[in-house]
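Chemist: sharing a model prediction with you, sequence too.
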Amino acid sequence: MSHDRDHQRDRRPIWRVTQRLTQRLTQRLTKRPADSRTATPGHTGAAAHLAAVAPVLIVCAVALVGLIGVAGLSWLPLLAVGPALAAATSRPRGVLRIGILAVALGAALGARGGAPGREQAIVLSSLAAVTLASALASALRVRRERVLAAVRSVAEAAQHALLKPIPATVGEFQVAVRYSAAAAEARIGGDLYALVPTEYGVRMIVGDVRGKGLPAVSTAALVLGVFREAAYDEPDLLDVVGRIERSLARNLGADDFVTAVVVGYPESGRMEVVNCGHAPPLLVRDSAVLPVEPTHPAPPLGLRALSGETPSLQVLPFAEGDQLLLYTDGVTEARNHSREFYPLAERVAHHLSDEPSCTLAGLHDELQAHVGGHLHDDAALLLLRKPVAVDGHVCAQPKGPSAAVEGARC
């Protein structure tokens, strides 16, 4: 009995020191859990707190096993898990603190177990080496995170410059846009859209550049720049398309092209559509969804010289309450785990609302669920609606799933 009491007294000082060190280290590691410089992507709130504390808990758990288990060095190498894990969640200073705690506990447990000096020195040297390597890995990770943050900010600036935000109301139309880049970290891709009010009516374009990456972004910037200039200068919508074609012919490679739909509303009740090899827009009228197939199919922009065919102007009646949905093939070609395409026309009818933003929100969320949360191609949706006028006032009364939330607005 006396021997057991003496053995327990020998354990208390180590455990008390461990407890105090753990408390202080945990406080230091978690005093700024919301710091964007130390938080890793996806770690927020409770998850970030747990990620910061986990290395400390692992070191203490190994030390506890060493205290109550077999004496000696058999458990001490596992102390290296603490600083190694901290490299993925903490800054270099935090890694060094955890490493110092691991080395101190290793030395105390080794001395308590009566381990030979040479073996203890090897274990402690290994712990110190792992700590230094982990601190270096942490420093490199922090540097990469800063670079990624800088790239994201540049991408966001480029997105705002190329794909300028479109207001909810343009002229006499309600408008909504949804865009998702396949490269989530890049924020932008090869899909493009623009809508401008001009003296010739509201004009808009939705297109898809062949290819991906920076060349596709550069081509998208070229198309949008020419469109925004030509839309203000050219009275005829076909002349707007012609200027884009000539610019692309001078700047694109032999295998490059852009599919696009250019739309104009020159006068009340009349919508003009020019389709250059793009997916047909969807006309929503009286809850029916009708694809606007081109009467005379034309090649994509940049390929006119090869085919010799010129695009044609298609005129649609567009009354109050009608809606026109433009989109890219990243939407219709999105597949689920069963390799089934997303049925856009069918789902538009399901999510239809008098609020374009509500319609696109439902479509976008369902599209993300259809592909399992990750799109393999850029996807753009642009919905235009002409509100119904009641006694000379424009009135938008939701009739779809959002009616209970949005209510009537006149």
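Modeler: Received, thanks.
Chemist: for the lengthiest helix in the chain, give the mean pLDDT please.
Modeler: Longest helix of the chain, by residue count under DSSP state H: helix 117-162. Per-residue pLDDT over helix 117-162 has a mean of 82.
Chemist: following element in sequence after it, please.
Modeler: Next helix or strand after helix 117-162 toward the C-terminus (DSSP states H and E): strand 169-170.
Chemist: which elements pack onto the helix or strand that that next one is followed by?
Modeler: Using DSSP H and E, the helix or strand that follows strand 169-170 in sequence is strand 173-180. On a contact count with 3 or more C-beta pairs under 8 Å, 6 or more residues apart in numbering; DSSP states H and E, strand 173-180 meets strand 191-198, helix 356-370, strand 379-385. For every residue, glycine as well, the C-beta is placed using N, CA and C.
Chemist: pull up the pairing partners for strand 173-180, direction included.
Modeler: strand 169-170 (antiparallel), strand 379-385 (antiparallel) (DSSP bridges).
Chemist: return the most buried member of the ones you listed.
Modeler: strand 379-385 (a mean of 25; mean count of other C-beta atoms under 10 Å).
Chemist: and that one with strand 191-198, angle?
Modeler: Counting by axes from the mean of the first three to the mean of the last three C-alpha atoms, to 10 degrees, strand 379-385 lies at 30 degrees to strand 191-198.
Chemist: contacts for strand 379-385?
Modeler: Residues from elsewhere that reach strand 379-385, judged by C-beta atoms under 8 Å, 6 or more residues apart in numbering: 166, 173-180, 182, 191-193, 195, 202, 204, 206, 208, 263, 321-328, 330-331, 334, 354, 356, 359-360, 363-364, 367.
Chemist: just how off-centre is that strand within its chain?
Modeler: 19 Å (C-alpha atoms, centre = their mean, to the nearest Å).
Chemist: quick one: that strand to helix 356-370, angle?
Modeler: 150 degrees.
Chemist: just the CA coordinates of stretch 353-372, formatted as CSV?
Modeler: Extracted C-alpha coordinates of stretch 353-372, given in CSV (Å, rounded to 0.1, in the frame of the first residue of the first chain):
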residue,chain,number,x,y,z
SER,A,353,-42.2,32.7,-60.0
ASP,A,354,-43.0,36.3,-60.9
GLU,A,355,-39.7,37.2,-59.1
PRO,A,356,-36.8,36.3,-61.4
SER,A,357,-34.4,36.1,-58.5
CYS,A,358,-36.6,33.5,-56.8
THR,A,359,-36.8,31.4,-60.0
LEU,A,360,-33.0,31.4,-60.5
ALA,A,361,-32.3,30.8,-56.8
GLY,A,362,-34.4,27.6,-56.9
LEU,A,363,-32.8,26.5,-60.2
HIS,A,364,-29.3,27.2,-59.0
ASP,A,365,-29.8,25.3,-55.7
GLU,A,366,-31.3,22.4,-57.5
LEU,A,367,-28.6,22.3,-60.1
GLN,A,368,-25.9,22.2,-57.3
ALA,A,369,-27.8,19.3,-55.7
HIS,A,370,-28.1,17.5,-59.1
VAL,A,371,-24.3,17.5,-59.6
GLY,A,372,-23.5,16.8,-56.0
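Chemist: pLDDT of that stretch, averaged?
Modeler: Over the span of stretch 353-372, the pLDDT mean works out to 92.
Chemist: try stretch 306-324
Modeler: Here the average pLDDT along stretch 306-324 is 89.
Chemist: now do the same end-to-end measure for stretch 372-381.
Modeler: 19 Å (C-alpha to C-alpha, to the nearest Å).
Chemist: buried set for that stretch?
Modeler: If you call a residue buried by 16 or more other C-beta atoms under 10 Å, then stretch 372-381 has these buried ones: 375, 377-381.
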